[in-house]
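Asks: next one to model:
(one chain, ligands or ions: 2)
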Amino acid sequence: MATETAVKSTIIAVANQKGGVGKTTTTINLGAALAELGKRVLLLDLDPQGNASTGLGIAYDMRDATTYDLLAGEIALADAVQTTSVDNLEIVPATTDLSSADLELVDNAKRSYLLRNVLRDPKGGCDNYDYILIDCPPSLNILTVNAMVAAHSIIVPLQSEFFALEGLSQLILTVRDVRQTANPDLRIEGIALTMYDSRNNLSLQVEDDARENMGDMVFKTVIPRNVRLSEAPSFAVPVLAYDTQSKGSEAYRALAKELVDRIEKQKAA
Ligand code: ATP
Ligand code: MG
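Replies: Ligands and ions are numbered 1, 2, ... in the order given. Here you go, the predicted model:
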């Protein structure tokens, strides 16, 4: 899209087609940690499950405007955004409506660009944010492709479990496809090891494999298995608000710092 003006905000899709690997936990808590650093952060819930919305206290009956409306071009970004209990952290929620997008969009030649059209329009309000994080569904469907086409980069949460690396090649192929067509500048920003247990040999082995195969792409920070992280969503807050001293909070703070360093180095280069 040659006529597109660069947007200042950094748009990151949090994606892995494998279910339950920590995408939503990472989106919410990395978002909260970036907000704590003073960054203005917008989360887009692009999963029909709506877990990021629920986890940040947006009850179902409060989801009048959603990411579905954004994709459908029925609403401006500014009118879809809701504040959360966390300063500097806003969200566009999702409902199950989004699951029909796959079917409804099939005939639309521009179907992969719907989110990009919203987020890469400097007049659309995206520059009110330093970071826009997109919580993707556990699939490489049109929703995830929309996120990859719209984003500058991708963070891949990788669960420190058996078979963790297996799905990665398929994800990387999809990224390659998107780079060859709609979004040549798309990068994999980093792979974040999640649910890591340093007492478990399997975690250590997954880490070794990931670092050996993916090198510096793997974030130095690992996210430990921490029960506080799994409890926080039922209190509708990020772990940083639920138990600010917990290992989970500390890990997402460290990940946010590492991410900001990476992005700032790239911008300076
Ligand atoms: P889905 O693919 O269904 O969208 P997901 O990839 O978004 O899942 P999450 O919902 O973030 O994954 O995490 C799956 C489950 O694991 C949740 O119950 C979550 O609370 C828990 N969980 C995630 N990360 C951790 C962690 N580091 N320690 C303990 N529990 C975790
Ligand atoms: Mg999720």
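
Asks: list the contacts of residue 87.
Replies: residue 35 (CB atoms under 8 Å, 6 or more residues apart in numbering). Any C-beta I mention is one placed from the backbone N, CA and C, and that applies to glycine too.

Asks: might you name the residue of the stretch 51-200 of the chain sitting closest to ligand 1?
Replies: Per CB to the nearest ligand atom, residue 138 is where the stretch 51-200 of the chain lies closest to ligand 1, at 3.2 Å.

Asks: surely that residue meets residue 17?
Replies: Yes. Assessed by CB atoms under 8 Å, residue 138 is found in contact with residue 17 at 5.9 Å.

Asks: any idea how far the residue of the stretch 51-200 of the chain closest to ligand 1 lies from ligand 2?
Replies: Separation of residue 138 from ligand 2 (CB to the ion, to the nearest Å): 7 Å.

Asks: spatially nearest residue to that residue (excluding sequence neighbours)?
Replies: residue 19 (3.8 Å; CB to CB, 6 or more residues apart in numbering).

Asks: ok, how many other residues are close to that neighbour?
Replies: Neighbour count for residue 19, taken as other CB atoms under 10 Å: 11.

Asks: residue 122 now?
Replies: Neighbours of residue 122 (other CB under 10 Å): 13.

Asks: again with the one 3 residues further on
Replies: Here the number of neighbours of residue 125 (other CB under 10 Å) works out to 18.

Asks: quick one: name whatever helix or strand follows the helix or strand bottoming out on mean pLDDT in the chain.
Replies: Scoring the helices and strands of the chain by mean pLDDT, DSSP states H and E places helix 101-104 at the bottom, with a mean of 59. Heading C-terminal from helix 101-104, the first helix or strand you meet, by DSSP states H and E, is helix 114-119.

Asks: which residues sit against that following helix?
Replies: Contacts of helix 114-119 (CB under 8 Å, 6+ apart): 1, 7, 9, 11, 44, 46, 70-73, 77, 105, 108, 110, 124, 126, 132, 134, 146-147, 149-150, 182-183.

Asks: what about the strands in the chain?
Replies: 10-14, 41-45, 82-83, 89-92, 131-135, 153-159, 187-194 (DSSP state E).

Asks: residues contacting the closest residue to residue 263 other than its chain neighbours?
Replies: In space, residue 263 comes closest to residue 10 once its chain neighbours are excluded; the distance is 5.7 Å by CB to CB, 6+ apart. Residue 10 makes contact with 130, 131, 132, 152, 153, 263 under the criterion CB under 8 Å, 6+ apart.

Asks: what's the local residue count around the first one?
Replies: Neighbour count of residue 130, defined by other CB under 10 Å: 19.

Asks: show me what the longest helix belonging to the chain is packed up against.
Replies: The longest helix of the chain (DSSP state H) is helix 247-268. With contacts taken as 3 or more CB pairs under 8 Å, 6 or more residues apart in numbering; DSSP states H and E, helix 247-268 sits against helix 23-36, strand 187-194, helix 227-231, helix 239-242.

Asks: make a markdown table from the ones you listed and add mean pLDDT and mean neighbour count to it.
Replies: Output for the helices and strands packed on helix 247-268, formatted as a markdown table (pLDDT from 0 to 100; neighbours: other CB atoms under 10 Å):
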| stretch | mean pLDDT | mean neighbour count |
| --- | --- | --- |
| helix 23-36 | 98 | 27 |
| strand 187-194 | 97 | 22 |
| helix 227-231 | 98 | 16 |
| helix 239-242 | 97 | 22 |
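
Asks: CSV for the ones you listed, including distance to ligand 1?
Replies: Converted to CSV, the helices and strands packed on helix 247-268 look like this (distance: least, CB to the nearest ligand atom, whole Å):
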stretch, distance to ligand 1
helix 23-36, 3
strand 187-194, 5
helix 227-231, 3
helix 239-242, 9
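
Asks: mind putting these into JSON lines with distance to residue 159?
Replies: Formatted as JSON lines, the helices and strands packed on helix 247-268 follow (distance: least, CB to CB, whole Å):
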{"stretch": "helix 23-36", "distance to residue 159": "10"}
{"stretch": "strand 187-194", "distance to residue 159": "5"}
{"stretch": "helix 227-231", "distance to residue 159": "13"}
{"stretch": "helix 239-242", "distance to residue 159": "17"}
